[in-house]
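S.K.: I would like to see how this sequence folds:
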Amino acid sequence: MKATTVLAAAAFFVGMTSFAFAECDTHKGDRDTDKQTKCSEKCEDGYMSGTMVYGSSFEEQKAKALACFQACGCEAHGAEFVKEHGTNQAR
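M.R.: Model prediction:
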């Protein structure tokens, strides 16, 4: 009985902490402890602030952001983020 309890507790701990180690989405990950989330947040902020500058090249900002996300190991999240946020132009 004691061994089963220890095994269940270990499985619960692994299940609760496994997703926190590799999260690119800044709304789900912990920005303070997860390096990948912090890196992804930096890329998101850079893209958003770069596209809000008057006269900026949106294609250049998109390329910079995608390269940043790639360096973080978050290519899929970066492509989705850029697609979702577009160019910040009035539509």
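
S.K.: any weak-confidence spans in this protein?
M.R.: Filtered on pLDDT under 70, the chain yields the residue ranges 1, 3-22, 87-91.

S.K.: From the chain's centroid, how far away is stretch 28-43?
M.R.: Put simply, stretch 28-43 sits 6 Å off its chain's centre (C-alpha atoms, centre = their mean, to the nearest Å).

S.K.: Can I get that stretch as CSV, trimmed to CA atoms?
M.R.: The C-alpha coordinates for stretch 28-43 follow below in CSV (Å, rounded to 0.1, in the frame of the first residue of the first chain):
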residue,chain,number,x,y,z
LYS,A,28,0.2,29.3,-20.2
GLY,A,29,3.9,29.2,-19.2
ASP,A,30,5.6,30.8,-16.2
ARG,A,31,7.6,33.8,-17.4
ASP,A,32,9.7,34.0,-14.3
THR,A,33,11.1,30.4,-14.3
ASP,A,34,10.7,29.0,-17.8
LYS,A,35,13.5,30.2,-20.2
GLN,A,36,11.5,29.2,-23.3
THR,A,37,8.5,31.2,-22.2
LYS,A,38,10.6,34.2,-21.4
CYS,A,39,12.3,34.0,-24.8
SER,A,40,9.0,33.7,-26.5
GLU,A,41,7.6,36.7,-24.6
LYS,A,42,10.6,38.8,-25.8
CYS,A,43,9.9,37.8,-29.4
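
S.K.: Use 613 as the first number for this chain going forward.
M.R.: Sure, I'll start numbering at 613, so the last one becomes stretch 640-655.

S.K.: Going by neighbour count, which residues of that stretch are buried?
M.R.: G641, D646, Q648, T649, C651, S652, E653, C655 (16 or more other C-beta atoms under 10 Å). No exception for glycine: its C-beta is placed from N, CA and C like everyone else's.

S.K.: now these as JSON lines including distance to A688?
M.R.: Converted to JSON lines, these look like this (distance: C-beta to C-beta, whole Å):
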{"residue": "G641", "distance to A688": "14"}
{"residue": "D646", "distance to A688": "17"}
{"residue": "Q648", "distance to A688": "13"}
{"residue": "T649", "distance to A688": "15"}
{"residue": "C651", "distance to A688": "14"}
{"residue": "S652", "distance to A688": "11"}
{"residue": "E653", "distance to A688": "16"}
{"residue": "C655", "distance to A688": "13"}
